[in-house]
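Chemist: Provided below for reference: sequence and predicted model.
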Amino acid sequence: MIPVLDLCKRFGFDRRRQQARLGALGIDASLRPLCLRLRREVVGPHKEAVAQAFLRWLGAQEDAQRYLGDAQHDVLYRGLVGYLDRLGDVDADAAFEERLRVGLSHWMLDVPVSLFVCGHQTLQQLLLERVFATCSAAEAPAFASLVLRLMALDLTLVADTYRLAQVHHLVRSLKSQMDETHKFKLKATLDPLTGLPNRARVMELAEEALLDARSRRLSLCLVMLDIDHFKQVNDSYGHPAGDDVLTAVAGVMREALRGDDVIGRYGGEEFLIVLRAPRPDEFWSVAERVRLLVAAKPVVTHGHRVPVTVSQGLAVAEPQEALAALIGRADAALYEAKRQGRNRVLVAPPSR
């Protein structure tokens, strides 16, 4: 729900502009007593009949059929009765807000402005008929003139809303298109299960990190991480449990790693981590922290408490070493860590 005064502010209807619009139509404080009598004596006692007559007319319009389901009919009826209850109350900011809302809601429903204008004229005619049926010959002209002014105010506000809403819509559409493009690109680079960068994206990030480390004279290492006995988890507890384990391990890695560390899902139960630091002796402790945190947090899934451990192969980048070669050394270290019993971090030897 749009907060009160939000549309007034958004469309520039501050108090000065409101008063200017009222003044242009000859609506001022001197008309307050007449407005009050219009609501209480002329329109108020017959508001339901006027609303029903208007909806009968609207129901007969072919152009209006697409907007008039049963639920919408009830909404329109209640809205009309409420509007007639407040007819002539134009001193408050809320009155302008209400008319701008009416215009915006019609615009959002794609109601043609021509249909709105015809409906507006019909409602005006119904109100004038009520004036001449209720008021004396001496008072009817004053009440009729007031109705025409009030209806003109409403029509101009709604027309302004159609125009301004279109401008705002174009601006929002451009922003939305840019946001959707960003979301699409982001979705194409993320693993849908863990929310981590997917293999293609983490490889791009690893290349960027390698170039960055060399330009800043930092040490860089690449860690290949594999969840131990993951096939047994799937076989014993089912694939949904396996998904929970993957998600949990990804969460632990997010918690354990530093802000500028790179992490992504490499494939299956394997993850790729890229670390940078001034000295390479920091890398093992980071990988070991990940291993300990994973082991300390069994995954509770589908009524089972599943212990989880990980094996990691760590390779420190050598000068001018290509990313593919670095991954190869880390993968070989991972294989050796699993061969030696799993649940450990093994550092790859330098390349020959």
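Modeler: Happy to help now that I have it.
Chemist: my guess is Val300 is in a strand, correct?
Modeler: Yes. With DSSP: H, G, I helix; E, B strand; the rest coil as the criterion, Val300 is located in a strand.
Chemist: which residues touch the closest residue to Asn343 other than its chain neighbours?
Modeler: In space, and not counting its chain neighbours, Asn343 is closest to Thr309: 3.9 Å by Cβ to Cβ, 6 or more residues apart in numbering. Quick note: C-beta positions are derived from backbone N, CA and C, even for glycine. Going by Cβ atoms under 8 Å, 6 or more residues apart in numbering, Thr309 touches Ile227, Asp228, His229, Arg291, Val294, Ala295, Arg342, Asn343.
Chemist: quick check: which element contains the last one?
Modeler: The one in question is Asn343. With secondary structure defined by DSSP states H and E, Asn343 is part of neither a helix nor a strand.
Chemist: can you pull the contacts of it?
Modeler: Under the criterion of Cβ under 8 Å, 6+ apart, the neighbours of Asn343 are Asp228, Arg291, Ala295, Thr309, Val310, Ser311.
Chemist: residue ranges of each domain in this protein, please.
Modeler: Partitioning the chain according to automatic domain parsing yields domains covering residues 6-182, 199-347.
Chemist: Glu204: which element?
Modeler: Here Glu204, judged by DSSP H and E, is contained in helix 199-215.
Chemist: ok and the following helix or strand past that helix relative to helix 199-215, angle-wise?
Modeler: Next in sequence after helix 199-215, counting helices and strands by DSSP H and E, comes strand 219-227. An angle of 150 degrees separates the directions of strand 219-227 and helix 199-215 when computed by axes from the mean of the first three to the mean of the last three Cα atoms, to 10 degrees.
Chemist: paired strands for strand 219-227, with orientation please.
Modeler: Under the criterion DSSP bridges, strand 219-227 sits next to strand 270-277 (antiparallel), strand 310-316 (antiparallel) in its sheet.
Chemist: and whatever helix or strand comes next after it, average pLDDT?
Modeler: Next helix or strand after strand 219-227 toward the C-terminus (DSSP H and E): helix 230-237. Model confidence over helix 230-237 averages 93 on the pLDDT scale.
Chemist: cool, stretch 293-307 as well?
Modeler: For stretch 293-307, the per-residue pLDDT values average out at 93.
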